[in-house]
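Asker: pasting a predicted model and its sequence here:
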Amino acid sequence: MEQNESQEVVPDVNSDIHDPVSENAENLLPEKPADDKRFRKLLIESIQTLVLALILYFAIDSVIARVQVENISMLPTLHEGEFIMVNRLAYKNGNYQRGDIVIFHNPINPREDFIKRLIGIPGDQIDIQNGQVSVNGVVLKEDYIAESVNYQGQWKVPDGYLFVLGDNRNQSYDSHSWGYLPQENIMGKAIVIYWPPKDMQIIQHIPIGLAEVTP
């Protein structure tokens, strides 16, 4: 009696078998080289932006300073707590103008900064009598002060120095108290009140007007 033996069919490993999943698997992977290229480009652009921002910051900072009013000596023109932009280059070539509001290092304590109004330049004769300020014999018309001055004195501004007073004359520690301001102590000229928003404005130059010529 003949016995039939079953045979297991073994696939030919050398046969041409197509596996769509295997063929497309490589195409489904992210393109790492392209991603790396995009990342490097983004990183370089971010660094360039940061460097440009730093350059602009230091460039602006070399021209514009920012200070805060910390007392009442400039009332009613400036109020305590206001932030001011200062033009550092305003007096690079001199050209000091009476009536400017200037920021400077306190001659008595250079670590402390003051803000006052420029009244006298080198060669000026300052006289304060009867509640009025005179420069070279001319009484100043000062609509910006808080009240008439209640002290008196005479000063002759020497070369290399300035004479400054606060607009709140009777509540200001200024040249009438400590003397002349060395020009090298000047930081710059106040140009803008930028904070708080309700007080935001350009600080207009007020030329010192002439009321009358004293005899």
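Answerer: Everything's here; your move. Numbering: from 1, shown residues only.

Asker: shaky segments in this protein?
Answerer: Across the chain, the ranges flagged by pLDDT under 70 are 1-33, 55-62, 209-215.

Asker: the helices in it, which residues?
Answerer: Here the chain has its helices, by DSSP state H, at 20-28, 32-61, 175-178.

Asker: other residues contacting the last one?
Answerer: Counting contacts by C-beta atoms under 8 Å, 6 or more residues apart in numbering, the residues outside helix 175-178 that touch it are 107-108, 116, 119-120, 128, 151, 153, 155, 162-165, 181. All C-beta spots, glycine's among them, are computed from the backbone N, C-alpha and C.

Asker: ok, I115 to F39 distance?
Answerer: 50 Å (C-beta to C-beta, to the nearest Å).

Asker: again with I208
Answerer: Distance, I208 to F39, by C-beta to C-beta: 62 Å.

Asker: and these two? Which one has more around it.
Answerer: I208 (20 against 10; other C-beta atoms under 10 Å).

Asker: my guess is that one contacts I119. True?
Answerer: Yes: counting by C-beta atoms under 8 Å, I119 is a contact partner of I208 at 7.3 Å.

Asker: please identify the buried residues of the longest strand seen in the chain?
Answerer: Looking across the chain with DSSP state E, the single longest strand is strand 186-195. Of the residues in strand 186-195, 186-193 count as buried by neighbour count, 16 or more other C-beta atoms under 10 Å.

Asker: who's in contact with it?
Answerer: 65-67, 78, 82-91, 100-105, 113, 115, 162, 199-203.

Asker: what pairs with that strand, and is each one parallel or antiparallel?
Answerer: With DSSP bridges as the test, strand 186-195 is paired with strand 83-87 (antiparallel), strand 101-105 (antiparallel), strand 201-202 (antiparallel).

Asker: picking up where we left off before, overlap in contacts, I208 and I119.
Answerer: 98, 135, 140.

Asker: where does the nearest residue to the second one once chain neighbours are set aside sit relative to W155, distance-wise?
Answerer: In space, and not counting its chain neighbours, V135 is closest to D124: 5.4 Å by C-beta to C-beta, 6 or more residues apart in numbering. Distance of D124 to W155, given as C-beta to C-beta: 8 Å.

Asker: common neighbours of those two, please.
Answerer: F163.

Asker: contact partners for the closest residue to P196 other than its chain neighbours?
Answerer: Spatially, and ignoring its direct neighbours in sequence, P196 is nearest to E82 (7.2 Å; C-beta to C-beta, 6+ apart). Neighbouring residues of E82 by C-beta under 8 Å, 6+ apart: 68-69, 193, 195-196, 199.
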